[in-house]
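> with the input below, show me the fold.
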Amino acid sequence: MPRDVARKLKQAFSAAQDEAQRKAAVVALLRHSLDLGHRRLSLKRLEAAVSCGAALEAEDLHRCADLALRISDPRIHARLALLSRQLDGGRRLSAL
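Numbering: from 1, shown residues only. The predicted structure is shown next:
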């Protein structure tokens, strides 16, 4: 069932007609991964959301950080720190 949801969300992203739909789809994919507890995939999807300029809730970053910090890989932690700085610098978090 979760794969069906992810497939539909990916299709929504691919079929997006404009930037707003694309951003909504990428955030939906991120939140889906967060809900399932995907550690690396959540970080990858957070990176995608940041790169397309999606506005994120602070909770999205915090949930992703909680998952990513459970991985004992300094490269993952460095990617998370970079994303955090990018979000803070661009003030793209909507609920601080």
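
> this protein: helices as residue ranges?
Along the chain, the stretches classed as helices by DSSP state H are 2-14, 19-36, 39-51, 58-68, 74-90.

> just put those helices in CSV and tack on mean pLDDT and mean neighbour count.
C-beta here means a position set from N, CA and C on the backbone, and glycine is covered the same way. Formatted as CSV, those follow (pLDDT from 0 to 100; neighbours: other C-beta atoms under 10 Å):
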stretch, mean pLDDT, mean neighbour count
helix 2-14, 77, 13
helix 19-36, 93, 18
helix 39-51, 94, 19
helix 58-68, 93, 18
helix 74-90, 87, 14
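
> find the residue at the geometric middle of the protein.
Taking C-alpha atoms, centre = their mean, the centroid of the chain lies closest to residue 46, which sits 2.4 Å from it.

> the residue lying closest to it once chain neighbours are set aside and residue 49, how far apart?
Nearest non-adjacent residue to residue 46, counting by C-beta to C-beta, 6 or more residues apart in numbering: residue 64, 4.8 Å away. Using C-beta to C-beta, to the nearest Å, residue 64 is found at 10 Å from residue 49.
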